[in-house]
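*Asks:* take a look and give me a structure for this.
(2 chains)
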Amino acid sequence: MLTLTGVAAFGVVAVLFLILGYLVWNGGKSLNLDFFTQLPKPVGETGGGMANAIVGSLKLLLLAALMGLPVGLMAGVYLAEFGGKTFSYVIRYTTDLLNGVPSIVIGIFAYSLAVLPVRHFSAVAGGVALGIMVIPITVRSTEEFLRAVPGSLREGAMALGASKWRTIATVVLPAAKGGIITGVLLALARVAGETAPLLFTAFSNRFWSPGWGQPIASLPVMIYTYAIAPYDDWHRQAWAAGLVLLALVLVANIGTRVVLSRGGGGRST
Amino acid sequence: MSDKTSQASDKDALVRFEISDLNFYYGAKQAVFGLNLKIPKNRVTALIGPSGCGKSTFLRTLNRMNETIRNTRVVGQILLDGQDILQMDVVGLRRRVGMVFQRPNPFPKSIYENVAYGLRINGFQGRLDDLVEHSLRRAALWEEAKDYLHKSAFALSGGQQQRLCIARALAVDPEVLLLDEPCSALDPVTTAKIEELMFHLKDSCTMAIVTHNMQQAARASDFTAFMLDGKLIEHSETSKLFTTPTDPRTEAYITGRFG
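*Replies:* Alright, predicted model coming up:
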């Protein structure tokens, strides 16, 4: 039995490294400076890059963060610090349900909310779809890290005459800061790779997309489009896009961890 | 501070807290029953009794900390210098009645910011530096901490952290300091330091301390109240309560026959 579980555990690691290795191998081969600076070339021409999709993905993530994070963070604070029993239970259960809604369904919702009324695809519509997906993950991780802050800290602040809000803002949130930021990053990393809800909200674009009201390219949708196309050159670019997407998420993650560990003092013991 | 004699024997010490017919409930469960007690000014009053006798609950009614727990109810009267604390603004009350908890609970901030916290939230407009130093000196922590003021409070040892929490409470210059088993997580040497500190603080502060350690109550307090099952059994000068208790239950407890 021990051997069997051990093999399974090894299998998990092996699958991850297989994917990573394959991605780095195939993506690395086709990655060059042009990929980061050039627009996609018309069908039939080789070369070109996905500069617009990289910028597009970043813009979509920014929109998702602006729309989803405030709601998610505040709801998390409510659940951890205020909520009564029944109402909190309802919110928590709903949040878990929302987390389980297939991303394509959220895409349809964003489509009817932000695409149909204006009759065209847009970055904002993609942001709405991703923003909705950010909410449940942020709510639950924020709540969890706030709950991990010992009650004695809250009592200490309130015994000095701090109001409940003051206590949360000046003692509880700073103590949970590291965890909350990590949770937010995980949420953004998770939606950074979402493709389905973008297909009919942000759609895609083979050119730059100025402003927020036009269809916009994104790395996951480009990967999808390029991977199913019948051209070898496009397949190579899809691999490169996959590698860049993964690198974006990893760099953001590691970068935050480094900044947080250097900040110090935010540890909650 | 009408009299500076810290003798336990004088009976005319002014009253700071006057508690009459106090009942306290956690939901339907009553934890304190008809308690009457006077806490004299500039003295240390110890609350002793077996675990779960309601002494911590009682202590926490004095700065209304129990209000942070859902479904609690207070019936009775608590006067602080003649004013009913239940009618008072809770922020003002807690500024006048500071509290130190069982486990040191410094905020995840620097030593300086910990002490300055109470001043900042009360909108203090003077020179913070002076008051931070003054408070750390009163808590006998200045010499050890002065070179590390801007380091995290977690870098301090447990005993230093507890003295930091005392300094933090003293910074807003409270009239009363409530101590809820402040030494239960500390070693004997550190405990002795805190008791000495309490002795010096008597000049400027009234203290009430909950303790499980009867030697500590005997050493550090002027008056002792013995509680059992939510009721006050006996209250008198510490020297008297420990040598000639009037109630057989008090005697049984202090001689170690139960609890």
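*Asks:* and the helix or strand bottoming out on mean pLDDT in chain A, what does it pack against?
*Replies:* The weakest-scoring helix or strand in chain A, judged by mean pLDDT, DSSP states H and E, is helix A:232-263 (a mean of 86). Contacts defined by 3 or more Cβ pairs under 8 Å, 6 or more residues apart in numbering or on different chains; DSSP states H and E place helix A:232-263 against helix A:2-30, helix A:33-37, helix A:51-81, helix A:173-192, helix A:219-227. All C-beta atoms are positioned from the backbone trio N, CA, C, and that covers glycine.
*Asks:* got the angle between the fourth one and helix A:219-227?
*Replies:* Taking axes from the mean of the first three to the mean of the last three Cα atoms, to 10 degrees, one finds that helix A:173-192 is oriented at 20 degrees with respect to helix A:219-227.
*Asks:* helix or strand right after helix A:173-192?
*Replies:* As assigned by DSSP states H and E, the chain's next helix or strand after helix A:173-192 is helix A:196-199.
*Asks:* contacting residues around stretch A:67-74?
*Replies:* Here stretch A:67-74 makes contact (Cβ atoms under 8 Å, 6 or more residues apart in numbering or on different chains) with A:127-128, A:130-139, A:142, A:180, A:184, A:187.
*Asks:* restricting to C-alpha, output stretch B:31-51 in PDB.
*Replies:* The C-alpha coordinates for stretch B:31-51 follow below in PDB (Å, rounded to 0.1, in the frame of the first residue of the first chain):
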ATOM      1  CA  ALA B  31     -21.600  33.300  35.100                       C
ATOM      2  CA  VAL B  32     -21.600  36.000  37.900                       C
ATOM      3  CA  PHE B  33     -24.300  36.100  40.600                       C
ATOM      4  CA  GLY B  34     -25.200  39.200  42.600                       C
ATOM      5  CA  LEU B  35     -21.700  40.400  43.200                       C
ATOM      6  CA  ASN B  36     -20.900  43.400  45.400                       C
ATOM      7  CA  LEU B  37     -17.300  44.700  45.600                       C
ATOM      8  CA  LYS B  38     -15.400  47.900  46.100                       C
ATOM      9  CA  ILE B  39     -12.100  48.300  44.400                       C
ATOM     10  CA  PRO B  40     -10.000  50.800  46.300                       C
ATOM     11  CA  LYS B  41      -7.900  53.500  44.600                       C
ATOM     12  CA  ASN B  42      -4.200  53.100  44.200                       C
ATOM     13  CA  ARG B  43      -4.300  49.500  45.500                       C
ATOM     14  CA  VAL B  44      -3.900  46.100  44.000                       C
ATOM     15  CA  THR B  45      -7.000  43.900  44.300                       C
ATOM     16  CA  ALA B  46      -6.400  40.300  43.500                       C
ATOM     17  CA  LEU B  47      -9.200  38.000  42.300                       C
ATOM     18  CA  ILE B  48      -8.700  34.400  43.100                       C
ATOM     19  CA  GLY B  49     -10.700  31.200  42.800                       C
ATOM     20  CA  PRO B  50     -10.800  27.900  40.900                       C
ATOM     21  CA  SER B  51     -11.000  27.800  37.100                       C
END
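*Asks:* not counting residues beside it along the chain, what's closest to the residue most central in space within chain A?
*Replies:* Compute the mean C-alpha point of chain A, and by Cα atoms, centre = their mean the closest residue is A:Leu188, 1.9 Å away. Excluding the flanking residues, the one nearest A:Leu188 by Cβ to Cβ, 6 or more residues apart in numbering or on different chains is A:Leu61, at 5.7 Å.
*Asks:* just the ones of the contacts of stretch A:67-74 in helices?
*Replies:* A:127-128, A:130-139, A:142, A:180, A:184, A:187 (DSSP state H).
*Asks:* and those residues, which two are furthest apart?
*Replies:* Using Cβ to Cβ, the pair of the ones in helices among the contacts of stretch A:67-74 lying farthest apart is A:Val128 and A:Ile180, separated by 23.2 Å.
*Asks:* for the chain, give me the ranges with low pLDDT.
*Replies:* Going with chain A. Within chain A, the set of residues satisfying pLDDT under 70 comprises A:262-269.
*Asks:* oops, chain B please
*Replies:* Applying pLDDT under 70 to chain B flags the ranges B:1-12, B:259.
*Asks:* that one: helices as residue ranges?
*Replies:* B:55-61, B:90-96, B:111-121, B:128-138, B:142-145, B:158-170, B:188-201, B:214-220, B:238-243, B:248-254.
*Asks:* out of those helices, deepest packed?
*Replies:* Sort the helices of chain B by mean neighbour count, taking mean count of other Cβ atoms under 10 Å in any protein chain shown, and helix B:158-170 sits at the top with a mean of 25.
*Asks:* and it, what other elements does it pack with?
*Replies:* The helices and strands touching helix B:158-170, judged by 3+ Cβ pairs under 8 Å, 6+ apart, are helix A:151-159, strand B:97-100, helix B:111-121, helix B:128-138, helix B:142-145, strand B:176-180, helix B:188-201.
*Asks:* okay if I get those as TSV plus distance to A:Arg119?
*Replies:* Formatted as TSV, the helices and strands packed on helix B:158-170 follow (distance: least, Cβ to Cβ, whole Å):
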stretch	distance to A:Arg119
helix A:151-159	51
strand B:97-100	63
helix B:111-121	53
helix B:128-138	60
helix B:142-145	67
strand B:176-180	66
helix B:188-201	73
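*Asks:* what does chain B put close to chain A?
*Replies:* Residues of chain B lying close to chain A by Cβ under 8 Å from any Cβ of the partner chain are B:63, B:65, B:68, B:90-92, B:94-95, B:98-99, B:101, B:103, B:105-110, B:117-118, B:121-122, B:152, B:154, B:165, B:168-169, B:172.
*Asks:* who's in contact with the residue nearest to A:Leu188?
*Replies:* A:Leu130, A:Leu188, A:Val191, A:Ala192.
*Asks:* for stretch A:81-95, output the C-alpha coordinates as CSV.
*Replies:* Presented in CSV, the C-alpha positions along stretch A:81-95 are these (Å, rounded to 0.1, in the frame of the first residue of the first chain):
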residue,chain,number,x,y,z
GLU,A,81,-15.3,39.8,11.2
PHE,A,82,-19.1,40.4,11.2
GLY,A,83,-21.4,37.9,9.7
GLY,A,84,-24.0,36.2,11.8
LYS,A,85,-24.5,32.5,11.6
THR,A,86,-27.3,32.0,9.1
PHE,A,87,-26.4,34.8,6.7
SER,A,88,-22.7,33.9,6.7
TYR,A,89,-23.6,30.3,6.0
VAL,A,90,-25.7,31.4,3.0
ILE,A,91,-22.9,33.7,1.7
ARG,A,92,-20.3,31.0,2.1
TYR,A,93,-22.4,28.4,0.4
THR,A,94,-23.2,30.7,-2.5
THR,A,95,-19.6,31.6,-2.9
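*Asks:* quick one: buried residues of it?
*Replies:* Buried residues in stretch A:81-95, counted by 16 or more other Cβ atoms under 10 Å in any protein chain shown: A:Glu81, A:Gly83, A:Ile91, A:Arg92, A:Thr95.
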